[in-house]
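Participant: sharing a model prediction with you, sequence too.
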Amino acid sequence: MRTLQRTSWAVLCMMLIIAPIARAQQQSQPVPADQAAPPIPAYRSPLASAANNGDDDGLPGDPSKLNPDSRSLTGAQEFTLGELASKHSYWQPHVNFTSTLDSNGLSSTTNTGWTTWSTFNGGIDLHRISGNSNLSLLYSGGASVSNDGSSNNGIVQSMQFAERIGFRRATLSLLDQLSYLPENGLGSQFDNIGTPLGIGSIGLQPGLIPGQSILTTRGQRLSNSLVPEVDVKLTGRTSLTFVGSYTLLHFFDNALLNYYNVGFSAGYNHQITRKDTIAVSYSFSAFRYSNFNQSIDDQVVFLSYGRRVTGKLAFQIAAGPDYTSFAMPITGTSNAGTGTLSGSSSHVSWALNTSLTYQLRRIGLGLSYAHGVSGGSGVLAGSVADTVSGSASRPLSRTFSGNWSVSYGRNNGLTVNGPGTPTANQTFDYWSSNVGLSHPMGRTMTLGLSYLFQYQNSNAAFCVGPTCGSSLVRHEILFTLGWHDHPIPF
């Protein structure tokens with residue numbers, strides 16, 4: 001509870017500090033239209049593909065109308081194919097229903113057989129343009145109900161907030177990504193909370209999102225990332241970027257490891273051509289656990305390269321040395337109780353983040369990979385994590401579209417040699433794959449059918465609900481019915 005209070009006060013203080021500054025700058029420094037920062041794109045729901053009515057009113061209807069992506073290479077957000085051009089403020093409601101057939105509900109009860117779920121949710125996508133301010137608010141909320149009563153019901157809440165304020169030579173951004181879900185996000189039906197539930201993502205870098213790449217028992221968990229960013233333009237080709245972050249992962253129903261991470265980064269960007277950018281940056285992260293006596297400090301120097309071709313290609317890669325210091329011994333799992341510290345240790349390794357988005361004529365491809373120190377997904381008291389994800393989508397006919405995604409997460413507990421006795425920490429390998437088919441019904445409704453496969457193994461036994469062993473397999477079949485209104489200007 002104290003952790004949640006700290007998060008609430010941090011968000012409130014940040015808003016109180018930034019709001020007066022933004023108003024003062026808007027009143028005292030009007031920005032010419034040709035110098036204002038490009039707007040943050042309004043998210044285009046996966047269900048909105050049928051909403052293109054050909055209107056030229058500046059509302060999101062034609063995905064081919066893209067502005068070049070203006071995000072900083074060393075900033076908090078990943079590159080995109082471009083930003084949807086929009087001239088007006090609007091809002092767009094949506095409602096979704098998902099029925100799930102599940103071979104393993106990950107429940108803490110004794111049930112290990114097939115179960116069924118019904119997930120209801122509704123929300124709003126809001127985009128507001130005012131002066132030199134551009135705001136996007138994406139919200140979705142509902143519940144996941146066990147139809148046979150063999151598992152606990154769950155609450156589904158997700159909020160994405162992004163505001164960008166442009167000044168003469170600087171841009172101030174405030175980003176927040178929050179979720180309150182009954183199970184982990186990576187590779188589950190709640191991954192990105194976009195395909196089944198109709199809300200998108202502001203695209204934060206992997207290191208700014210609490211890692212959840214280990215499959216755990218079903219139970220409510222809060223994940224939050226609060227990120228302020230300042231970009232200062234030095235010349236037409238160079239800029240400085242400063243990013244702060246506060247991330248939180250808190251479990252309410254399970255005895256897992258709650259932690260938060262406070263971070264800071266500073267970067268120098270240089271645009272060598274219209275499409276290519278290079279950069280150098282330094283980042284610091286401090287992981288702290290509220291129910292476990294452990295602390296981890298991580299420092300990385302990144303060299304980065306990025307290339308953007310509007311509507312076609314978005315690629316970025318950042319790599320560099322990684323210096324980590326932590327308390328010891330680290331016992332490795334959430335069953336460690338409060339832990340007993342006897343000293344400290346450090347090691348030098350490497351970190352890498354890269355992502356690629358490529359749009360062919362009819363096929364969209366995505367690929368990302370991240371390697372570095374992580375909080376341990378609530379199971380390990382710190383880990384070296386490798387996360388890979390890929391996706392592909394294409395129209396199969398005039399009314400049917402197909403999509404496929406795969407993700408892999410490997411978490412290796414930080415290994416520490418204690419006084420005279422080596423300790424080998426546990427390693428988790430987690431695979432997930434999803435294949436889906438969607439079909440629009442008219443201009444506001446969509447039907448979807450998908451199959452989800454999850455597999456996890458480890459070098460030692462683990463328990464997920466009543467199932468214990470060194471591996472776990474899960475199958476899910478999901479039927480989705482979604483409705484969204486047309487964008488409504490205001």
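Facilitator: That came through, no problem. Numbering: from 1, shown residues only.
Participant: following the chain past the helix or strand hosting residue 475, name the next helix or strand.
Facilitator: Residue 475 belongs to strand 467-484 when elements are defined using DSSP states H and E. Tracing the chain past strand 467-484, the next element assigned as helix or strand by DSSP H and E is strand 488-489.
Participant: helices or strands up against the strand holding residue 475?
Facilitator: Judged by 3 or more C-beta pairs under 8 Å, 6 or more residues apart in numbering; DSSP states H and E, the packing partners of strand 467-484 are strand 90-102, strand 445-464. C-beta: built from backbone N, CA, C; applies to glycine.
Participant: which residues of the stretch 101-250 of the chain fall in strands?
Facilitator: For the stretch 101-250 of the chain, the strands defined by DSSP state E, counting those that start in this stretch cover 115-130, 133-146, 154-166, 170-181, 221-233, 238-251.
Participant: so where's this structure uncertain?
Facilitator: 1-64, 109-112, 185, 191-201, 328-343, 415-424 (pLDDT under 70).
Participant: what ranges does it have for its helices?
Facilitator: 2-28 (DSSP state H).
Participant: paired strands for the strand holding residue 475, with orientation please.
Facilitator: strand 90-102 (antiparallel), strand 445-464 (antiparallel) (DSSP bridges).
Participant: just the angle for the shortest one relative to strand 115-130, thanks.
Facilitator: This points to strand 90-102. Here strand 90-102 runs at an angle of 170 degrees relative to strand 115-130 (axes from the mean of the first three to the mean of the last three C-alpha atoms, to 10 degrees).
Participant: strand 154-166 and strand 90-102, what's the angle between them?
Facilitator: Computed by the same axes, to 10 degrees, the angle separating strand 90-102 from strand 154-166 equals 150 degrees.
Participant: measure how far strand 90-102 is from the centre of its chain, please.
Facilitator: Chain-centre distance of strand 90-102: 19 Å, with C-alpha atoms, centre = their mean, to the nearest Å.
Participant: for it, list the C-alpha coordinates in CSV.
Facilitator: Provided in CSV are the C-alpha atoms of strand 90-102 (Å, rounded to 0.1, in the frame of the first residue of the first chain):
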residue,chain,number,x,y,z
TYR,A,90,-11.8,13.9,-31.4
TRP,A,91,-12.8,11.0,-29.2
GLN,A,92,-13.8,7.4,-30.1
PRO,A,93,-15.6,4.9,-27.9
HIS,A,94,-15.3,1.2,-28.1
VAL,A,95,-16.8,-1.9,-26.6
ASN,A,96,-15.5,-5.5,-26.8
PHE,A,97,-16.4,-9.0,-25.7
THR,A,98,-14.0,-12.0,-25.7
SER,A,99,-14.9,-15.6,-24.9
THR,A,100,-11.9,-17.8,-24.1
LEU,A,101,-11.5,-21.6,-23.9
ASP,A,102,-8.5,-22.2,-21.7
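Participant: buried residues in it?
Facilitator: By 16 or more other C-beta atoms under 10 Å, the buried positions in strand 90-102 come out as 90-92, 94-98, 100, 102.
Participant: residue 162 touches residue 175, doesn't it?
Facilitator: Yes. If you go by C-beta atoms under 8 Å, residue 162 and residue 175 touch, sitting 5.1 Å apart.
Participant: hang on, the earlier thing: dump the helices and strands packed on strand 467-484 into CSV; add distance to residue 67 as well.
Facilitator: Listed next are the helices and strands packed on strand 467-484 as CSV, based on distance: least, C-beta to C-beta, whole Å:
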stretch, distance to residue 67
strand 90-102, 17
strand 445-464, 27
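Participant: can I get the strands of the stretch 101-250 of the chain in JSON lines with mean neighbour count?
Facilitator: Supplementary listing: the strands of the stretch 101-250 of the chain in JSON lines, determined by neighbours: other C-beta atoms under 10 Å:
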{"stretch": "strand 115-130", "mean neighbour count": "19"}
{"stretch": "strand 133-146", "mean neighbour count": "20"}
{"stretch": "strand 154-166", "mean neighbour count": "21"}
{"stretch": "strand 170-181", "mean neighbour count": "21"}
{"stretch": "strand 221-233", "mean neighbour count": "20"}
{"stretch": "strand 238-251", "mean neighbour count": "21"}
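Participant: can you map out the strands along the stretch 301-450 of the chain?
Facilitator: 313-328, 343-359, 364-374, 383-395, 401-413, 416-417, 422-423, 427-441, 445-464.
Participant: so which of the ones you listed gets nearest residue 120?
Facilitator: strand 445-464 (15.1 Å; C-beta to C-beta).
Participant: just want the angle from that closest one to strand 401-413.
Facilitator: 20 degrees.
Participant: buried residues in strand 445-464, which are they?
Facilitator: Quick answer for strand 445-464 (16+ other C-beta under 10 Å): 446, 448, 450, 452-456, 458, 462, 464.
Participant: next one: it to chain centre, how far?
Facilitator: Taking C-alpha atoms, centre = their mean, the mean C-alpha location of strand 445-464 is offset from the chain mean by 18 Å.
Participant: same check, this time on stretch 281-301
Facilitator: 19 Å.
Participant: which parts of that stretch are buried?
Facilitator: For stretch 281-301, by 16+ other C-beta under 10 Å, it's 281, 283, 285, 287-289, 291-292, 294-300.
Participant: pull the most distant pair out of those residues.
Facilitator: Every pair of the buried residues of stretch 281-301 checked by C-beta to C-beta; the farthest is 281 and 291, at 32.3 Å.
Participant: okay, the strands of the stretch 101-250 of the chain in a markdown table with distance to residue 74 next?
Facilitator: Formatted as a markdown table, these follow (distance: least, C-beta to C-beta, whole Å):
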| stretch | distance to residue 74 |
| --- | --- |
| strand 115-130 | 26 |
| strand 133-146 | 21 |
| strand 154-166 | 16 |
| strand 170-181 | 13 |
| strand 221-233 | 9 |
| strand 238-251 | 5 |
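Participant: hmm, residue 219 and residue 108 touching each other?
Facilitator: Yes. With contact defined as C-beta under 8 Å, residue 108 reaches residue 219; the gap is 7.1 Å.
Participant: anything in contact with each of the two?
Facilitator: 152, 253-254 (C-beta atoms under 8 Å, 6 or more residues apart in numbering).
Participant: got a PyMOL select line for the buried ones in those?
Facilitator: Buried residues within the shared contacts of residue 108 and residue 219, by 16+ other C-beta under 10 Å, are selected in PyMOL with:
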select buried, resi 152+254
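Participant: residue contacts, the residue nearest to residue 290 when sequence neighbours are not counted?
Facilitator: By the measure of C-beta to C-beta, 6 or more residues apart in numbering, the closest residue to residue 290 outside its immediate chain neighbours is residue 258, 4.6 Å from it. Going by C-beta under 8 Å, 6+ apart, residue 258 touches 3, 249-251, 289-291, 378.
Participant: one step back: quick one: which of the strands of the stretch 101-250 of the chain is nearest residue 483?
Facilitator: Closest to residue 483 of those is strand 115-130 (C-beta to C-beta; 9.1 Å).
Participant: between strand 133-146 and that closest one, find me the angle.
Facilitator: With the same axes, to 10 degrees defining the directions, strand 115-130 sits at 170 degrees from strand 133-146.
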